[in-house]
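Peer 1: Predicted coordinates and the sequence they were generated for:
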Amino acid sequence: MKNRVEKLAGKIADAIVELAERDADDMELECLANEAEVRDRGQTRLEGQISGRRDWEGFCDGSVEFCTNGPQGGGAGYGGFLRVAFSNFASTCIEVGVDHATPKAADAVAITFRGDAEIFAFIESMEFLAAKLRAVIRLC
């Protein structure tokens, strides 16, 4: 019995030492990875909204913005959405066509996707688009 208690105490002490030696950044990254894994399994729910914006400057100036509350557990009726907007500040040529209409000049356009599947489809579509455009640029 004493031997088992000593082994258990040794394991506890080793675990405490290991935790104490871990870098705070490593623990934060591990926590973020765990949260992402749980979220990917659909076991968490984002409350509120997250948004961001990136401006570009050069021969044309503009921005891309997004706002989302992330996947909410189902279709559009569950409330999940992703809104993406592009804006022209100067010399950015944006043309928009809706429902197969001829594209027309616009200074701003916003698209909203509603539902979890739509959010995931948008992400996969943007990854596909980015990969293909990078490949085209390498060919030029």
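Peer 2: That came in fine, so what should we check first? Residues are numbered from 1 along each chain as shown.
Peer 1: In this structure, which strand is the longest?
Peer 2: strand 81-90 (DSSP state E).
Peer 1: For that strand, buried residues please.
Peer 2: 81-84, 86-88 (16 or more other C-beta atoms under 10 Å). Quick note: C-beta positions are derived from backbone N, CA and C, even for glycine.
Peer 1: partner strands of it, parallel or antiparallel?
Peer 2: strand 61-68 (antiparallel), strand 108-114 (antiparallel) (DSSP bridges).
Peer 1: Other residues contacting the helix or strand that it is followed by?
Peer 2: Counting by DSSP states H and E, the next helix or strand C-terminal to strand 81-90 is strand 94-96. The contact list for strand 94-96 (C-beta atoms under 8 Å, 6 or more residues apart in numbering) reads 62, 86, 88, 103-109.
Peer 1: Stretch 59-66 now?
Peer 2: Residues from elsewhere that reach stretch 59-66, judged by C-beta under 8 Å, 6+ apart: 51-56, 82-94.
Peer 1: please redo it, this time with the cut-off set to 10 Å
Peer 2: 50-57, 82-94, 107-108, 110, 122 (C-beta atoms under 10 Å, 6 or more residues apart in numbering).
Peer 1: Among the contacts of strand 94-96, which one has the most neighbours?
Peer 2: In terms of neighbour count, residue 62 stands highest of those at 20 neighbours, by other C-beta atoms under 10 Å.
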